[in-house]
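Colleague: what shape does this take:
(one chain, ligands or ions: 1)
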Amino acid sequence: MQVPFVDLKAQYRAIREEINPAIQKILDDAAFILGGSVSSFEAAFAKLHGVKYCYGLGSGTDGNHLALWGLNIGPGDEVIIPANTFIATAWGATLCGATPVFADCDLDNYNLDPKKIEERITSRTKAIVPVHLYGQPADMDAILAVAEKHGLHVAEDCAQAHFATYNGRPVGGFGIASSFSFYPGKNLGAYGEGGAVATNDPDLARKFRMIRDHGSEQKYYHEVLGHNYRMDGIQGAVLGVKLKYLHEWTEARNRHAKLYRELLTGLPEFALPEEGSHAFHVYHLFVIRTPHRRRLQEHLQQSGVSTGLHYPVPLHLQKAFQHLGYRRGDFPMAELAADQVLSLPMYPELTRDQIEYVADCIRGFFD
Ligand SMILES: *Cc1c(COP(=O)(O)O)cnc(C)c1O
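Modeller: Next up is the predicted model:
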């Protein structure tokens with residue numbers, strides 16, 4: 001049996017009757033950039049995340065940058081970022097001319113460890129960017145408490161966590177700002193690049209809106225510095241259709257996670273993902289941990305099961321950040337995770353047979 005890591009074609013086949021005319025309409029209307037498809041998606045997405053303002057962007061990376069740009073983060077400032085995340089989280093601070101300052105994670109949930117934040121704060125620290133990694137909300141009560149104590153902004157990276165909740169509230173509205181990605185493989189994926197930035201603050205919302213569109217609200221009148229971070233009309237149309245299915249797809253991910261968990265409990269030297277009691281995990285990724293990661297991955301590959309590594313190198317050890325002077329040993333939990341995590345196939349269209357097959361292969365390896 002072949003079990004791909006994700007299967008974007010299966011999802012397209014299921015909704016093509018609805019998607020194709022939505023795309024055709026954008027072509028007929030020549031509504032290629034922003035426009036009605038994007039604004040109606042923005043409104044629907046904001047509502048579902050309980051935030052007042054949401055703006056469609058060209059990518060999630062744009063969101064990481066724009067969130068901090070709108071907060072006036074700049075040269076001389078420091079921004080605290082988890083050491084184990086996708087690198088785009090750190091581009092936000094970097095592109096603003098600020099310095100990303102890494103902090104270690106909690107091995108139970110792979111998210112930023114709130115107890116490790118304070119030791120990274122200096123007089124230059126301006127913001128914390130928690131990531132709801134793999135689809136599980138970070139410990140927001142504790143993070144917001146540290147932020148408040150030190151007067152720091154919190155900008156959530158929700159790229160992997162559409163519809164995830166913490167204490168029953170959706171992610172994206174805990175910090176002053178938040179960013180989302182609609183990269184095709186994300187829980188809500190465009191048919192190309194896409195992202196969003198969100199906030200409840202009307203002044204910040206206005207800045208986001210202007211910076212996204214060359215610093216202007218009125219064409220050719222530029223009030224502030226800006227960039228072109230606009231979402232395409234086609235992506236707005238695709239996302240508008242797909243948003244209606246996201247609850248269903250999220251439930252399917254949760255069912256798959258539950259089945260994996262049932263089939264894989266009790267293995268030695270094998271850690272299943274832990275769910276925090278306050279967190280609703282949306283399983284962008286189903287990530288296990290084992291010291292035998294390399295051999296298990298090879299065994300699965302030979303059995304037709306594709307897996308992924310999220311992520312093999314923590315940010316403080318990336319060559320791109322070598323000028324920051326970090327060393328192996330600085331963030332032991334993030335380093336251990338990088339060496340031992342393995343992401344199993346996870347997407348809504350996975351079948352029970354496929355999951356049972358993956359679990360059998362894993363059990364076979366440990367026997
Ligand atoms: C995917 C991702 C991003 C970047 O999103 P793009 O849309 O690919 O630019 C940022 N942060 C995290 C945690 C991500 O997983």
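Colleague: what is the least confident helix or strand in this protein?
Modeller: Least confident helix or strand of the chain, by mean pLDDT, DSSP states H and E, is strand 216-218 with a mean of 94.
Colleague: return the distance of that one from the chain's centre.
Modeller: 30 Å (C-alpha atoms, centre = their mean, to the nearest Å).
Colleague: who touches the helix or strand just after that strand?
Modeller: Next along the chain after strand 216-218, taking DSSP states H and E as the criterion, comes strand 221-222. If you take C-beta atoms under 8 Å, 6 or more residues apart in numbering as the criterion, strand 221-222 is touched by 214-216. Yep, even glycine has a C-beta here, placed from its N, CA and C like the rest.
Colleague: buried subset of these, written for PyMOL?
Modeller: PyMOL command restricting these to the buried ones, with burial defined by 16 or more other C-beta atoms under 10 Å:
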select buried, resi 214+216
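Colleague: neighbouring strands - and their directions - for the least confident helix or strand of the chain?
Modeller: strand 221-222 (antiparallel) (DSSP bridges).
Colleague: what's the mean pLDDT across the partner strand?
Modeller: The pLDDT scores in strand 221-222 average 97.
Colleague: what of stretch 137-148?
Modeller: For stretch 137-148, the per-residue pLDDT averages 98.
Colleague: flag every buried residue along it.
Modeller: 137-140, 143-144, 146-147.
Colleague: now do stretch 96-114
Modeller: 96, 98-107, 109-114.
Colleague: next one: stretch 257-277
Modeller: So stretch 257-277, judged by 16+ other C-beta under 10 Å, has buried residues 257, 259-260, 264, 267, 270, 272-273, 275-276.
Colleague: just flag the most distant two among these.
Modeller: L267 and G276 (21.9 Å; C-beta to C-beta).
Colleague: G276 contacts D139, doesn't it?
Modeller: Yes. At 7.1 Å, G276 counts as touching D139 under the criterion of C-beta atoms under 8 Å.
Colleague: overlap in contacts, the two.
Modeller: Joint contacts of G276 and D139 (C-beta under 8 Å, 6+ apart) are N109.
Colleague: before we move on, what SS does C54 have?
Modeller: Reduced to three states with DSSP: H, G, I helix; E, B strand; the rest coil, the structure at C54 is strand.
Colleague: beta partners for it?
Modeller: Going by DSSP bridges, C54 forms beta bridges with A198.
Colleague: in contact with F321, which residues?
Modeller: Contacts of F321 by C-beta under 8 Å, 6+ apart are 90, 100, 315.
Colleague: restricted to helices, list those residues.
Modeller: A90 (DSSP state H).
Colleague: and Y166, what does it touch?
Modeller: With C-beta under 8 Å, 6+ apart, Y166 has these contacts: 137-138, 140, 174, 278-280.
Colleague: closest to I362 among these?
Modeller: A279 (24.8 Å).
Colleague: residues near the closest one, how many?
Modeller: 23 (other C-beta atoms under 10 Å).
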